[in-house]
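J.: Build me a model:
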Amino acid sequence: MNYKIRISFLAICTLMVALSFAQKTNTKTNAPFKPPVVKSLLGIRSGMDTVYAAEAVQLIGLPLVVKDSKGNMYPIENYRLLYKRKGYIEDPETGKPEVNYTAVASRFDNTPLPKVWSENIQHSLQPGETLFFFEILVKDKAGRQFYAPELRIMIK
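T.: Reported below is the predicted structural model:
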């Protein structure tokens, strides 16, 4: 008798598992999220742009903004900035200065940049440097997160 109860229990469990896999999925709620087409802006600059150092000094103090084609703004959760900085080192053989690039990067939760970052960049910007905003995480009205396009500003 105990044997029959175990077999029945096993059959019921197997049936329940099979039914759970056979349930129809609701395609509306399980449809993949297609993020809206947006662009990342710093002032009027977007995508990959080249500007003079004087303009870049002004841009670095402005907020990073993400908008769609209708002008709807999307709140920024966080983003990363990489500043490719130009410097000089002395060539040990010739004693002449050589151009050397270093990178400074961080993740930010607020825009515009913190005052210490914007002031340091503004005081040192020179031709050949790059400001690269990437991994720009934004939210839509439903609270769904997605990444906005990168923004690269090269200084001439």
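
J.: Can you tell me how far the spatially most central residue of the chain is from Ile121?
T.: Centroid-nearest residue in the chain: Glu135, 1.6 Å away (criterion: Cα atoms, centre = their mean). Going from Glu135 to Ile121 by Cβ to Cβ, to the nearest Å gives 19 Å. Where you see a C-beta, it was placed from the backbone N, CA and C, and this is true even at glycine.

J.: Show the pLDDT at Gly95.
T.: Per-residue confidence at Gly95 stands at 87 (pLDDT).

J.: returning to what we had before: could you check which helix or strand contains the residue nearest to the centre of the chain?
T.: strand 130-139 (DSSP states H and E).

J.: Ok, Ala105 next?
T.: strand 97-108.

J.: List the buried residues in that strand.
T.: For strand 97-108, burial by neighbour count (16 or more other Cβ atoms under 10 Å) applies to Phe108.

J.: List the residues that contact Asp140.
T.: Pro35, Pro36, Tyr74, Phe146 (Cβ atoms under 8 Å, 6 or more residues apart in numbering).

J.: Recalculate using a threshold of 10 Å.
T.: Contact analysis of Asp140 by Cβ atoms under 10 Å, 6 or more residues apart in numbering lists Phe33, Pro35, Pro36, Val38, Asp68, Asn72, Tyr74, Pro75, Phe146.

J.: before we move on, the earlier item: is the residue nearest to the centre of the chain in contact with Asn78, as I believe?
T.: Yes: here Glu135 reaches Asn78: they are 7.8 Å apart, a contact under Cβ atoms under 10 Å.

J.: overlap in contacts of those two?
T.: Common neighbours of Glu135 and Asn78 (Cβ under 10 Å, 6+ apart) are Arg107.

J.: Counting neighbours, what do you get for Thr50?
T.: If you count neighbours by other Cβ atoms under 10 Å, Thr50 ends up with 13.

J.: Alright, that wraps it up for me.
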